[in-house]
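Novice: Make a model of this:
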Amino acid sequence: MSVVVEAARGWIGTPYRHQASVKGAGADCLGLVRGIWREVIGSEPVEPPRYSMDWAEPQGEERLWQAARAYLRPVARNRQPGDVLLFRMRAGAVAKHLGIATGEDRFVHAYSGRGVVESALSAPWRRRIVAQFEFPLEDN
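Specialist: Residues are numbered from 1 along each chain as shown. Below is the predicted model:
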């Protein structure tokens, strides 16, 4: 099993908390990815600025996508366990949800009202994927 998948599954059951990144205490989708980074790589390269629930939407800026490109490795291959998935939740909206692929048709993500869960990567979720990345691990 991928070290990233193992780390992601270790966060399951963490409550959803906007801007949080503490396993067992609270995380949002970005906080989940940040926490996994700390577990598998070490210190975070930067601390993200504070952000509101609707951040980047009024301006239409792809801030999360830009940050993902800066710190993760974009991949243009078939999805692999451990890949970071970036989702656009509505057509025309900015991409602002992240998850970790755990298999061909599953992913772990922090979801408002549910916390960190492993979900089916069903057709509606797959349609929302706009980019995928991998953590910059030494063995990648």
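Novice: Could you tell me the end-to-end distance of stretch 76-89?
Specialist: End-to-end span of stretch 76-89 (CA to CA, to the nearest Å): 21 Å.
Novice: Show me which residues of that stretch are buried.
Specialist: Neighbour-count burial for stretch 76-89, with 16 or more other CB atoms under 10 Å as criterion, is recorded at R79, Q80, P81, G82, D83, V84, L85, L86, F87, R88. C-beta here means a position set from N, CA and C on the backbone, and glycine is covered the same way.
Novice: For the third one, grab phi and psi.
Specialist: Note on P81: backbone dihedrals following degrees, to the nearest 10 are phi -60, psi 130.
Novice: wait, it sits on A7?
Specialist: No: here P81 does not reach A7: they are 11.7 Å apart, not a contact under CB atoms under 8 Å.
Novice: of the buried residues of stretch 76-89, closest to L72?
Specialist: Comparing those against L72 with CB to CB picks out V84 as the nearest, at 5.7 Å.
Novice: Quickly list what the closest one is bridged to.
Specialist: I100, F133 (DSSP bridges).
Novice: In this structure it contacts Q132, no?
Specialist: Yes: with contacts counted by CB under 8 Å, V84 reaches Q132, the gap being 6.7 Å.
Novice: Name the residues contacting each of the two.
Specialist: A101 (CB atoms under 8 Å, 6 or more residues apart in numbering).
Novice: Spatially nearest residue to G113, not counting backbone neighbours?
Specialist: Y16 (6.6 Å; CB to CB, 6 or more residues apart in numbering).
Novice: so what's that neighbour scoring on pLDDT?
Specialist: Y16 is assigned 97 on the pLDDT scale.
Novice: Within its local environment, how many residues does R38 see?
Specialist: Burial of R38 is recorded as 13 neighbouring residues (other CB atoms under 10 Å).
Novice: before we move on, the earlier item: now for the buried residues of stretch 76-89, which pair is the farthest apart?
Specialist: Within the buried residues of stretch 76-89, P81 and R88 form the most distant pair, 22.3 Å apart (CB to CB).
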